[in-house]
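In: got a sequence here, can you model it:
(chains A and B)
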Amino acid sequence: NAGVTQTPKFQVLKTGQSMTLQCAQDMNHEYMSWYRQDPGMGLRLIHYSVGAGITDQGEVPNGYNVSRSTTEDFPLRLLSAAPSQTSVYFCASSYSKDSPLHFGNGTRLTVT
Amino acid sequence: GENVEQHPSTLSVQEGDSAVIKCTYSDSASNYFPWYKQELGKRPQLIIDIRSNVGEKKDQRIAVTLNKTAKHFSLHITETQPEDSAVYFCAARSNTDKLIFGTGTRLQVFP
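Out: Numbers count the residues shown, from 1 in each chain, chains lettered A, B, ... in the order given. Okay, here's the model as predicted:
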């Protein structure tokens, strides 16, 4: 199993550009989520999904969209990038909501 | 909304000493409390978790305690070693299925 795969590893965007961060898992996990990590602020939940076709907002959803058309994939879309979205983004999945989260390796995003 | 507070933000101990990290949560319906360790430049990894029907859980040098009445839980590391140096995060699962993290504790273990 590859686990949770995130692409790209690094990305630089200009303000106003859009892009999609990809996340895929091959463990047949129902629960998937996206976090952003900023210094001193821990891991903040952006969006999450408890199963295919179901998504919900986390703590900091503004400026981001998600979809969950399959169990395996959970892409995160930045609609119009802003410098405040410069961060490290982690995708994570778990078998159920009360199972350990498996994290991807992260995407370091810089918005200039 | 749901909130998890974590203290201290930094913790320095001598090798062999114990380290304690404390967290409080706001949602009384929270029922799952994992702890993650993140080494520099790497992804967070689960080290131990506890569910609300259990008051304490141990795994070798690591233990977690939960006080549901006070809505707080703690991580205890005994006989610390330099390789324990990392950032540790607590988290709490709310009844809306969100897993909310604390802001992290940077633990440094000096030889």
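In: what parts of chain B come near chain A?
Out: Chain B comes close to chain A at residues B:1, B:6, B:9, B:31-32, B:34, B:36, B:42-46, B:49, B:51, B:89, B:91, B:93, B:96-104, as judged by C-beta under 8 Å from any C-beta of the partner chain. Placement of C-beta: from N, CA and C, glycine included.
In: among those, which are located in helices?
Out: Cross-referencing the residues of chain B next to chain A against helices under DSSP state H gives no overlap.
In: pull the contacting residues for residue 14.
Out: No chain specified, so I'll use chain A. If you count contacts by C-beta atoms under 8 Å, 6 or more residues apart in numbering or on different chains, residue A:14 has them with A:81, A:111, A:112.
In: please go with chain B instead
Out: Taking C-beta under 8 Å, 6+ apart as the definition of contact, the neighbours of residue B:14 are B:80, B:109, B:110.
In: filter these to the buried ones?
Out: Among those, those that count as buried by neighbour count (16 or more other C-beta atoms under 10 Å in any protein chain shown) are B:80, B:109.
In: from the contacts of residue B:14, which ones fall inside strands?
Out: Those of the contacts of residue B:14 mapping onto strands are B:109, B:110, per DSSP state E.
In: and the contacts of residue B:14 as JSON lines, adding pLDDT?
Out: Putting these into JSON lines (pLDDT from 0 to 100) gives the following:
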{"residue": "B:80", "pLDDT": "98"}
{"residue": "B:109", "pLDDT": "98"}
{"residue": "B:110", "pLDDT": "96"}
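In: circling back: ok, the contacts of residue A:14 vs residue B:60, which is closest?
Out: Closest approach to residue B:60 among these (C-beta to C-beta): residue A:111, at 42.5 Å.
In: so how far is chain B from that closest one?
Out: From residue A:111 across to chain B, the span is 21 Å (C-beta to the nearest C-beta, to the nearest Å).
In: can you give me every residue that contacts that residue?
Out: Contact partners of residue A:111, counting by C-beta under 8 Å, 6+ apart, are A:12, A:13, A:14, A:15, A:81, A:82, A:83, A:84, A:85, A:86.
In: now do 6 Å
Out: With contact taken as C-beta atoms under 6 Å, 6 or more residues apart in numbering or on different chains, residue A:111 is in contact with A:13, A:81, A:83, A:85, A:86.
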